[in-house]
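Trainee: Next comes the sequence, and after it the predicted model I'd like to discuss.
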Amino acid sequence: MAVLLAKKGYKVNLWVYEEDDYQAITRERENRRYLPGISIPSNVDVYFELKHAVRKQDVILLAVPSHAVRETARKIAADVVNKPIIINAAKGLEENTYKRLSQVIGEEIPQARIVVLSGPSHAEEVAQDIPTTVVCSSEDSEAAERVQDIFMCPSFRVYTNSDLIGVETGGALKNIIALAAGICYGLGYGDNTKAALMTRGVYEMAKLGQAVGASALTFAGLSGIGDLIVTCTSMHSRNQRAGILIGQGKSTEEALTQIGMVVEGVKTCKAAYELAQSLNIEMPITEQLYRILYEGKDPASAVNDLMLRDKTHESEKLVVP
């Protein structure tokens, strides 16, 4: 995202979390560990000290893993001034509280104008100027439109959507389905299986989303089915790749170690499963994935249990009364 904005002519401060990466990026003007082959423009200033990167900035983009959002927001709270726009690009639910990430940021930086940026957008392709379309959402429509203007360019189209709950929930839950899709691929199942999983996955996403206040229609958009398609079908997807390894017999820990980067669907699956349980909502795919990841259930048995569930109607009510 820093590269995209720099190409538009903005001066960008880029905070790098790990010192080795900071030194390498400063020296080589390239993130060879995570984004090899992409030159970082000269109008991107690289920082290791977070407070120096965010001090007095009026627009800040958070692209940290979901489990680090609260800690990062807390760290920058003292250094932001007035009412900054905080753009969140992380996708997930907070463990234990099950809160959306905009809620987490709002608790730590109450004065912030929070905008969520979501949709089918692998970093590897965005950095190469491959046409990409996303959606931004906020309770503050003016802030959302400003973010839309900041990011819009020939290779990056941004829509706005007023359903903040739906946009965030879709972005979080699609990682669960992508993990499950990867497991099916690892088991050797075919296109029929993946199509069924993705279709019923959208239904599950909408079901939980509507229960927490989202519009079911949002899940037919970029942050729902759009993000789901790209995450379930692309080998850029860490969630799908981790699922493939698990389907091939690796443990969750072994799969995460081999991927070497954050796989958001693992933590999100636990949060979504527990939230669904608390709301008395049935989410069969999420439940079976939870049992694979956290209880060691055999993946093939989990698929069998999904297929042998009691018969039901495809368009059953989304929300349990």
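Mentor: The structure has been received and is ready for your questions. Residues are numbered from 1 along each chain as shown.
Trainee: All the helices of the stretch 1-150 of the chain, residue numbers only.
Mentor: Secondary structure of the stretch 1-150 of the chain by DSSP state H, counting those that start in this stretch: the helices cover 2-7, 19-28, 50-54, 69-76, 101-108, 123-126, 141-151.
Trainee: so what's the residue nearest the centre of the chain closest to, chain neighbours aside?
Mentor: Residue closest to the mean C-alpha point of the chain, counted by CA atoms, centre = their mean, is residue 91 at 2.6 Å. The shortest distance from residue 91 to any non-neighbouring residue, by CB to CB, 6 or more residues apart in numbering, is to residue 171 (3.9 Å). Any C-beta I mention is one placed from the backbone N, CA and C, and that applies to glycine too.
Trainee: and the one you found, what does it touch?
Mentor: 91, 116, 118, 119, 223, 227 (CB atoms under 8 Å, 6 or more residues apart in numbering).
Trainee: any idea how far residue 59 is from residue 102?
Mentor: 16 Å (CB to CB, to the nearest Å).
Trainee: Give me the more crowded residue out of these two.
Mentor: residue 102 (22 against 17; other CB atoms under 10 Å).
Trainee: so what's the residue nearest to that one when sequence neighbours are not counted bridging to?
Mentor: Closest residue to residue 102 apart from its sequence neighbours, by CB to CB, 6+ apart: residue 114 at 4.7 Å. Note on residue 114: beta-bridge partners residue 86, judged by DSSP bridges.
Trainee: I'd guessed residue 114 sits against residue 106; true?
Mentor: Yes: Residue 114 lies in contact with residue 106 (CB atoms under 8 Å); the separation is 5.9 Å.
Trainee: the more surrounded of the two?
Mentor: Neighbour comparison, residue 114 and residue 106: the larger count goes to residue 114, with 25 against 18 (by other CB under 10 Å).
Trainee: show me the contacts for that one.
Mentor: 85, 86, 88, 102, 105, 106, 138, 139, 140, 143.
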